[in-house]
Structure formats: C-alpha cells, structure tokens
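In: When you get a sec, could you give me coordinates for this:
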Amino acid sequence: MITTKKISYMAIPMILQCDKRVLLFDTKTIQESKKEIDNIVCREMGVSIEDAYSKTNKKEIVSCRHILFYFFNKHRLTTKVAMGRWFNKDHATVIHGLKKVREQADVYADYREQLERLS
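Out: Okay, here's the model as predicted:
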C-alpha cells in the first residue's frame, strides 16, 4: 500500500532552496574538477584545451578528447550525455571514446602507463 504525505505549501520553498544550494555547490566542484583534468591531460598530450573541445578530427586531438572522456568518467564527474554536451558530441561518441581508451590500454603497455601517470 502506498501512502502519501501531505506537505504544506510553506515547506516547498525551503526544500527547493536547499536543493539549489546543494546543486550550486556540486556544480562548482564539478567545474573545478573538470578544469583541473582539462589542464593536466591537455598539457600532457600537447593539445590546447580549445582544440580538445573543437570539431576537428585530427588523430592526436581525438585521442586527447577520448582520454578526457576516460578521466571524466573515471572520476564520475557527470553522465555520458552531459559529457557529450560539453564537447558538442553525442553520448554515443563518448561511449565509443571510452571503449577505445580501454582497448588501447589493454593492448599497449606504454598507453596504459601514460594513463596511470595522468591519474
């Protein structure tokens, strides 16, 4: 049996206000973490942050973008859909990038070491 609780109208703004504060705090933390990961990975890969977020399909930039996907996913910063929006890509592109990084890490020891060094 499902029971419903009657909530007074006075309680609703407080709940929303609390949710907004939590959301703003979490968003700030995510943005700071995202910026830090961007800086570390792009510097290591020799790619500018602007290029990593651009539409170009050059191999070295796409590889950097895939590694960014990997670390955003590893640190659970956001969903794959939201990651895709950050890069103006589809969530399927993010999934493909994550798969490519895992495959490369399984096959190439130096690639795996690079990922560990960036961690």
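
In: how far away is residue 37 from residue 72?
Out: Distance of residue 37 to residue 72, given as CB to CB, to the nearest Å: 7 Å. Where you see a C-beta, it was placed from the backbone N, CA and C, and this is true even at glycine.

In: quick one: which helix or strand includes the most centrally placed residue in the chain?
Out: By CA atoms, centre = their mean, the chain has its centre lying nearest to residue 72, at 3.3 Å. Using DSSP states H and E, residue 72 maps to helix 59-74.

In: which residues are in contact with the helix or strand just after that helix?
Out: Per DSSP H and E, the first helix or strand lying C-terminal to helix 59-74 is helix 80-86. Contact with helix 80-86 is made by 34, 53, 69, 72-73, 77-78, 90-95, 98, as judged by CB atoms under 8 Å, 6 or more residues apart in numbering.

In: buried set for helix 80-86?
Out: For helix 80-86, a neighbour-count test (16 or more other CB atoms under 10 Å) marks 80, 83, 84, 86 as buried.

In: Out of these, which comes closest to residue 48?
Out: Nearest to residue 48 among the buried residues of helix 80-86: residue 86, at 15.8 Å, using CB to CB.

In: Please, which helix or strand holds residue 55?
Out: Short version, using DSSP H and E: residue 55 is in no helix or strand.
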